[in-house]
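Colleague: got a predicted structure here, sequence first:
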Amino acid sequence: MKELAFHILDLVSNSLDAGAEHVKISLILEKNTYILTVSDDGKGMDPETLRMALEPGFSTKGTEGQGLSLVKELAEKTGGSFSVRSKAGEGTEITALFKKDSPFMIPAGKLGDALAPLLPEKAEIVISVKSEKGSTEISTAELMKDGSPDEVMAARKLINKNTDIFGGSVL
């Protein structure tokens, strides 16, 4: 994947596939570091599943999975770090730190565009963004009432606008 927004989409999709009713995406810029956290209240993973989930190609869905391993690889390539906490029956929290000035850092992309296919889902997705320029929090539960195409378009635009405080090419 060539944009961070699509990695985030993959992580959120995993949360929804695990039965999450609430997913929180947190994006923080601290000096030269981007911190991404995706947490959910889905079914979580036992220690063995968690260990396997970090291997390229692993999936519980019968398809080839890449999400966790690709985000881990990208974070580490930039000189950052990656961690996952998960407990069966309680949910999962993924934290990735990316070094902004690394030659391996990829463009951010537009988070609203990436998440658009998931916006009509029944689960609430909360997006929290914070930097020295300001902070904002957006909840899909507040934006989406009936999941109509007009609502999805308006929500997508609002998410794009409010997650662009990091400025353009990289979150």
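Modeller: Great, that's in hand. What you see is a predicted model, and the numbers here were worked out from it, not measured in a lab.
Colleague: next, the buried residues of the helix or strand hosting Ser86.
Modeller: Assigned by DSSP states H and E, Ser86 belongs to strand 81-87. For strand 81-87, burial by neighbour count (16 or more other C-beta atoms under 10 Å) applies to Phe82, Val84, Ser86. Every residue, glycine included, has its C-beta placed from N, CA and C.
Colleague: likewise stretch 124-143?
Modeller: Result for stretch 124-143 [16+ other C-beta under 10 Å]: buried residues Glu124, Ile125, Val126, Ile127, Ser128, Val129, Lys130, Ser131, Thr136, Ile138, Thr140, Leu143.
Colleague: sorry, back to before: out of the buried residues of strand 81-87, which is nearest to Thr92?
Modeller: Distance to Thr92, by C-beta to C-beta, is smallest for Ser86 among the buried residues of strand 81-87, at 4.0 Å.
Colleague: just to revisit the earlier point, farthest-separated two in the buried residues of stretch 124-143?
Modeller: Glu124 and Ser131 (23.5 Å).
Colleague: export the buried residues of stretch 124-143 to JSON lines and tack on secondary structure and pLDDT?
Modeller: Below are those laid out as JSON lines (DSSP: H, G, I helix; E, B strand; the rest coil; pLDDT from 0 to 100):
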{"residue": "Glu124", "secondary structure": "strand", "pLDDT": "93"}
{"residue": "Ile125", "secondary structure": "strand", "pLDDT": "94"}
{"residue": "Val126", "secondary structure": "strand", "pLDDT": "95"}
{"residue": "Ile127", "secondary structure": "strand", "pLDDT": "93"}
{"residue": "Ser128", "secondary structure": "strand", "pLDDT": "93"}
{"residue": "Val129", "secondary structure": "strand", "pLDDT": "90"}
{"residue": "Lys130", "secondary structure": "strand", "pLDDT": "90"}
{"residue": "Ser131", "secondary structure": "strand", "pLDDT": "85"}
{"residue": "Thr136", "secondary structure": "strand", "pLDDT": "89"}
{"residue": "Ile138", "secondary structure": "strand", "pLDDT": "91"}
{"residue": "Thr140", "secondary structure": "helix", "pLDDT": "89"}
{"residue": "Leu143", "secondary structure": "helix", "pLDDT": "85"}
